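> Have a look at this prediction, sequence included:
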Amino acid sequence: VQLVESGGGLVQPGGSLRLSCAASGFTFSTYTMGWARQVPGKGLEWVSAMYDDGSTYYADSVKGRFTASRDNAKNTFYLHMNSLKPEDTAVYYCATDPEYQVPGSMKYDYWGQGTQVTVSS
């Protein structure tokens, strides 16, 4: 299993970014996919989970601003981030697991290397 995130960068407050997670080595369409983030010196924070049936859940801190999506034909998982705030600054990680993971769980078996998102003027 391999997960490779991309799309991070520096953006001004109120701006948008789209993160991508390219997946390989497993049957992408059947796995639970998740996003989490981490600020240096702090713990990992769950952001979103998306299931094989397309249902999606979000942390309250990003609900209404972030949208997760998946393209099963391209084996790619996305996080569309709008109305970004300085407090969204973090390293964002993509994760996957063959089993159902309840919303908020971060007990995923596989993780990417992360991509840095910095929101600053």
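It's in.
> who does residue 90 bridge with?
As for beta bridges, residue 90 partners with residue 117 under DSSP bridges.
> List the residues that contact it.
37-39, 45, 116-117 (C-beta atoms under 8 Å, 6 or more residues apart in numbering). Quick note: C-beta positions are derived from backbone N, CA and C, even for glycine.
> Swap in 10 Å and give it another go.
Neighbouring residues of residue 90 by C-beta atoms under 10 Å, 6 or more residues apart in numbering: 8, 36-40, 42, 44-45, 47, 114-119.
> Next: residue 32.
With C-beta under 10 Å, 6+ apart, residue 32 has these contacts: 49-52, 95-102, 105, 108-109.
> thinking again about what came up before, just the contacts of residue 90: which are in strands?
Mapping these onto strands (DSSP state E) picks out 36-38, 44-45, 47, 115-119.
> Count the residues that sit near residue 50.
22 (other C-beta atoms under 10 Å).
> before we move on, what about residue 73?
By other C-beta under 10 Å, the residues close to residue 73 number 8.
> For it, give its distance to residue 66.
23 Å (C-beta to C-beta, to the nearest Å).
> what lines up beside the host helix or strand of residue 79 in the sheet?
In this structure, residue 79 sits in strand 76-81 according to DSSP states H and E. The strands that strand 76-81 pairs with in its sheet are strand 17-24 (antiparallel), strand 66-71 (antiparallel) (by DSSP bridges).
> and it, how far from the chain's centre?
Between the centre of strand 76-81 and the centre of its chain there are 6 Å (C-alpha atoms, centre = their mean, to the nearest Å).
> picking up where we left off before, from the contacts of residue 32, keep the buried residues only.
By neighbour count, with 16 or more other C-beta atoms under 10 Å, the contacts of residue 32 hold 49-52, 95-97, 101, 108 as buried.
> Out of the contacts of residue 32, which comes closest to residue 24?
residue 96 (10.8 Å; C-beta to C-beta).
> I figured the closest one hits residue 22, correct?
No - using C-beta atoms under 10 Å, residue 96 is not in contact with residue 22; the gap is 11.6 Å.
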